[in-house]
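Asks: Here you go, sequence then predicted model.
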Protein chains: 2
Amino acid sequence: MSVDPNNPIPIYQQITDYIRRSIAAGVYRPGEMIPSLRVLALELTVNPNTVQRAFETLEREGLIHPRKGLGMFVTRHGATSAQSQSRTAVYETFVQGIRAGYDANMTTRRIRGVFEQAARDVATEVRSAK
Amino acid sequence: MSVDPNNPIPIYQQITDYIRRSIAAGVYRPGEMIPSLRVLALELTVNPNTVQRAFETLEREGLIHPRKGLGMFVTRHGATSAQSQSRTAVYETFVQGIRAGYDANMTTRRIRGVFEQAARDVATEVRSAK
DNA sequence: TGCTGTGCACTAGCTTACTAGTGCACTATA
DNA sequence: TATAGTGCACTAGTAAGCTAGTGCACAGCA
């Protein structure tokens, strides 16, 4: 993974999203330890505190929990929680897009068409990235 | 219209979006003048400069153009431009959501399902608002 | 020709968010 | 028992973004 300082999305959130996705995708499994503060900070050339902030939100979300002196571990239900959270995030994004469409006086049919095109485009993009 | 100061989206952008949507929806037609800086500022209880900033972006987008001493007028192709811009905005939002889905290891089928549900939810929400 | 309404430019203050620096308490392990 | 690796708490600086204040030049109209 890498972090883009120029991205308007703050670094700590980029890290949060990345770890959450990794847990959802099964890269880090329940009971496993995720990379430590300093390891991540060193790898991303970022202050440990920035990583810490990402950990806080993930802990608040119930995806990871700390074991004193050891590290952060993926929660028992971390994977399923992460998946359902990812799902709601996707859902919210779609709702936002659809609302914007209606606000701009687009028809349901037209909005659907835009989604289909986006789906095709991203699908080919993902396929070619493999 | 009203403006929400607590909304994380900055006020000037809320105003920008509102006017853009209004032009796309045909509330303000090509050749017509849109409400002036001070009128909008007074109505929204906001500093004229904040409205001014909204005007700048709309002018940069080619939706409105100024006539000295008179006001801001909707461009000849303002309506169609606004519509196509709204369309790209919706498209980009969808792309973002779909990408997030793939990143979280969701299948294409599942992503589609989430969209369908969002579409249904927003549709009923819009219908009941009428 | 004065008055009113228009956009525009300049400055300034403020708040908020983000990142960095640093030290401390805890655990496992040799 | 010493050492190295963990998360965590506190402070502080910095940067950027947003909003407000104010005055100026221009156009129409009575």
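Replies: It's in.

Asks: Phi and psi next, for A:E32.
Replies: The phi/psi pair for A:E32 (degrees, to the nearest 10) reads phi -80, psi 160.

Asks: ok, A:L40 touching A:T16?
Replies: No - counting by C-beta atoms under 8 Å, A:L40 does not reach A:T16; the two are 11.6 Å apart. C-beta coordinates here come from the backbone N, C-alpha and C atoms, glycine included.

Asks: so what's the residue in chain A sticking out farthest from the centre closest to, chain neighbours aside?
Replies: Most distant from the centre of chain A: A:N105, at 31.4 Å, with distances by C-alpha atoms, centre = their mean. Closest residue in space to A:N105, ignoring its immediate chain neighbours: B:A25 at 4.2 Å, by C-beta to C-beta, 6 or more residues apart in numbering or on different chains.

Asks: Verify the contact between the one you found and A:Y102 for me.
Replies: No - using C-beta under 8 Å as the test, B:A25 is too far from A:Y102 to be in contact (10.0 Å).

Asks: Give me the distance between the residue nearest the centre of chain A and A:N7.
Replies: Most central in chain A under C-alpha atoms, centre = their mean is A:D17, positioned 2.8 Å from the mean C-alpha point. Relative to A:N7, A:D17 is positioned 11 Å away (C-beta to C-beta, to the nearest Å).

Asks: Show the pLDDT at A:P35.
Replies: For A:P35, the pLDDT comes out at 95.

Asks: quick one, phi psi at it?
Replies: phi -50, psi 140.

Asks: So which bits of chain A are right by chain B?
Replies: Taking C-beta under 8 Å from any C-beta of the partner chain as the measure of proximity, chain A contacts chain B at A:20-21, A:24-26, A:82-83, A:86-87, A:89-91, A:93-106, A:108, A:110-112, A:114-115, A:117-119, A:121-123, A:126.

Asks: Mind giving me the ChimeraX command for buried ones among those residues?
Replies: Buried residues among the residues of chain A next to chain B (16 or more other C-beta atoms under 10 Å in any protein chain shown), as a ChimeraX selection:
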select /A:20,21,24,25,82,83,86,87,89,90,91,93,94,95,96,97,98,99,100,101,102,103,104,105,106,111,112,114,115,118,119,122
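
Asks: Now, the residues of chain A next to chain B that are in strands?
Replies: Within the residues of chain A next to chain B, no residue falls in strands by DSSP state E.

Asks: Please name every helix or strand in contact with the strand or helix carrying A:A54.
Replies: A:A54 is part of helix A:48-60, with elements assigned from DSSP states H and E. If you count contacts as 3 or more C-beta pairs under 8 Å, 6 or more residues apart in numbering or on different chains; DSSP states H and E, helix A:48-60 packs onto helix A:11-25, helix A:37-44, strand A:64-67, strand A:71-74.

Asks: Do that helix and DNA strand C come into contact?
Replies: Yes - applying C-beta under 7 Å from any atom of the strand, one finds helix A:48-60 in contact with DNA strand C at A:48-50, A:53.

Asks: What subset of the residues you listed is buried?
Replies: A:50, A:53.

Asks: what angle do the longest helix anywhere in chain A and helix B:11-25 make?
Replies: Using DSSP state H, we find that the single longest helix of chain A is helix A:78-103. Put simply, helix A:78-103 runs at 50 degrees to helix B:11-25, going by axes from the mean of the first three to the mean of the last three C-alpha atoms, to 10 degrees.
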